[in-house]
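> just need the structure, nothing else, for what follows:
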Amino acid sequence: MSNLSPTILYALSSDLFIPSRIQATARSQGIESQLLTKASELSSVPDFSTLIVDLETPGLDFGKLKSCIEENHLKAIGYAPHVKADLFQSGKSAGLTQIYTRGQINESLTKIISGLSSD
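Take a look at the predicted model:
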C-alpha cells in the first residue's frame, strides 16, 4: 500500500448519522472518504489507509476485521455505545488503534480526522 495523500478513509456503519458527519469532515480536510453500509463490503474495497468502524454494524466479524487491519496495515478506529463494553473489548482484540464512545467520536470528529493526515 502506498502512502500517497490524500488519505483514503472508509467508514463502515449501517447507521448514516455519524458516517455522514465523517464524510463531511473528511471532505472539509481534503481527505477522500467512502461509506460502507455492510460488513461484507470491507473485503472488496481497493487500497486504503484508514477505517472508522461502527462496532455495532450488523454482520461484523471481528476475526475478519482483524485480518483486514493486519493485511492492509490500516489505522483502524472504532466506536460503539458506552454501555457495550463487550464491543470495546472485541474491537481491541481485532486491532483497532482507538475506540471511542458514540458521544466521544461525535464530539471529537474534527480532531480525530485531522489527526489522520498528520500520522
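
> what confidence value was assigned to the spatially most central residue of the chain?
Nearest to the mean C-alpha position of the chain, by Cα atoms, centre = their mean, lies I52 at 0.8 Å. Listed pLDDT for I52 reads 93.

> just list whatever residues bridge to it.
Per DSSP bridges, residues listed as beta-bridge partners of I52: A11, I77.

> tell me how far it lies from I112.
Summarising the geometry, the distance separating I52 from I112, computed by Cβ to Cβ, to the nearest Å, is 8 Å. C-beta here means a position set from N, CA and C on the backbone, and glycine is covered the same way.

> and for V83?
For V83 relative to I112 (Cβ to Cβ), the value is 21 Å.

> ok, these two, which is more surrounded?
The residue with more neighbours, out of V83 and I112, is I112; 18 against 8, by other Cβ atoms under 10 Å.
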